[in-house]
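>>> give me a model of this one.
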Amino acid sequence: MSTITTTALQSGHAPIIPLAFNSNQPETIRLYPLSNYTFGVKETQPEEDPSVIARLKRLEEHYSQHGMRRTCEGILVCHEHNHPHILMLQIANAFFKLPGDYLRPEDDEVEGFKSRLDERLAPVGRIGEGEEPADWQVGDCLAQWWRPNFETFMYPFVPAHVTRPKECKKLYFIQLPKSKVLSVPKNMKLLAVPLFELYDNTARYGPQLSAIPHLLSRYNFEFVDDNGNIVAATPGSSAPEGYVPRTKVLASGDDTDMQEAKGDDENNEQ
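Residues are numbered from 1 along each chain as shown. Below you'll find the model as predicted:
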């Protein structure tokens, strides 16, 4: 098996393709190149709280009035060089977070989440012309993180002694379309972070973000180039019916006259 599709194969040593190995998996997800997306900036969005203590105090006030806080964040995936990259915000050149925020007490979960994504990333002004509000494809919930007390620690489970968690944060997969315009507040950076950078890197990104490669490992991906062609894919699919590996000769030492190779010429295949 190979990540390179049969139409993009150039190696002289074609891979042996075994039987399919993709049973009981979600539908394959198509990823588009980072170059398909347009990025801009908009007005600064200052943090609501000047310190961690102030943030936890506000959480305590929210809990006393509305109960457990509901938070949603999005995992937006594109690709560079046929490798998944996560769109992530960096605030004050210090810490990283996914787009999203806590929901207002009166908001529906999905619609409130879309509204929060708009606040963070929706374009404004001329760059946003033609973009629809709340145009987000919210996919699977990939993880739930629980805050058992009014403190910074969150866990991917509810501790046995906790009966009233103070916050639940859900991480949703957001399917990006072929192209989209995004704007980020001036006081933040929007980064495209590769999975290999996140994996097992809790020292830099913390336990929630460094776990994203694990969360996405259940999916198979198709990687599309700028022209809309599938140039790579997660191995696992069976070979096309009647498929026999053949490699196109793009250049050869026998071609002393430097004749142009025809991609669809049978004489140029072996």
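
>>> from residue 120, how far out is the closest residue to residue 45 other than its chain neighbours?
Among residues not flanking residue 45 along the chain, residue 185 sits closest, at 4.0 Å (Cβ to Cβ, 6 or more residues apart in numbering). Backbone N, C-alpha and C define where each C-beta goes, glycine included. Distance of residue 185 to residue 120, given as Cβ to Cβ, to the nearest Å: 7 Å.

>>> joint contacts of those two?
residue 45 (Cβ atoms under 8 Å, 6 or more residues apart in numbering).

>>> who's more crowded, these two?
residue 120 (22 against 18; other Cβ atoms under 10 Å).

>>> just the pLDDT for the more buried one.
The model reports residue 120 with a pLDDT of 96.

>>> apart from its chain neighbours, what residue comes closest to it?
According to Cβ to Cβ, 6+ apart, the nearest residue to residue 120 is residue 99 (4.7 Å).

>>> low-confidence ranges in the stretch 101-250 of the chain?
236-250 (pLDDT under 70).

>>> check contacts around the residue nearest to residue 120.
By Cβ under 8 Å, 6+ apart, residue 99 lies in contact with 73-74, 76, 87, 89, 117, 120-121.

>>> can you classify residue 17 by secondary structure?
coil (DSSP: H, G, I helix; E, B strand; the rest coil).

>>> tell me which stretches of this protein form strands.
According to DSSP state E, the chain carries its strands in the segments 29-31, 38-42, 69-80, 83-91, 95-97, 100-102, 137-147, 167-175, 181-185, 188-194, 221-224, 230-233.

>>> how about CSV for those strands, with distance to residue 200 added?
Shown next, in CSV, are the strands of the chain (distance: least, Cβ to Cβ, whole Å):
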stretch, distance to residue 200
strand 29-31, 22
strand 38-42, 28
strand 69-80, 17
strand 83-91, 15
strand 95-97, 15
strand 100-102, 24
strand 137-147, 17
strand 167-175, 18
strand 181-185, 27
strand 188-194, 13
strand 221-224, 20
strand 230-233, 24
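
>>> ranges for the helices of the stretch 101-250 of the chain?
Using DSSP state H, counting those that start in this stretch, the helices of the stretch 101-250 of the chain run over 109-121, 195-198, 202-210, 212-216.

>>> want to try JSON lines for these, with distance to residue 64 as columns?
Formatted as JSON lines, the helices of the stretch 101-250 of the chain follow (distance: least, Cβ to Cβ, whole Å):
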{"stretch": "helix 109-121", "distance to residue 64": "21"}
{"stretch": "helix 195-198", "distance to residue 64": "36"}
{"stretch": "helix 202-210", "distance to residue 64": "26"}
{"stretch": "helix 212-216", "distance to residue 64": "32"}
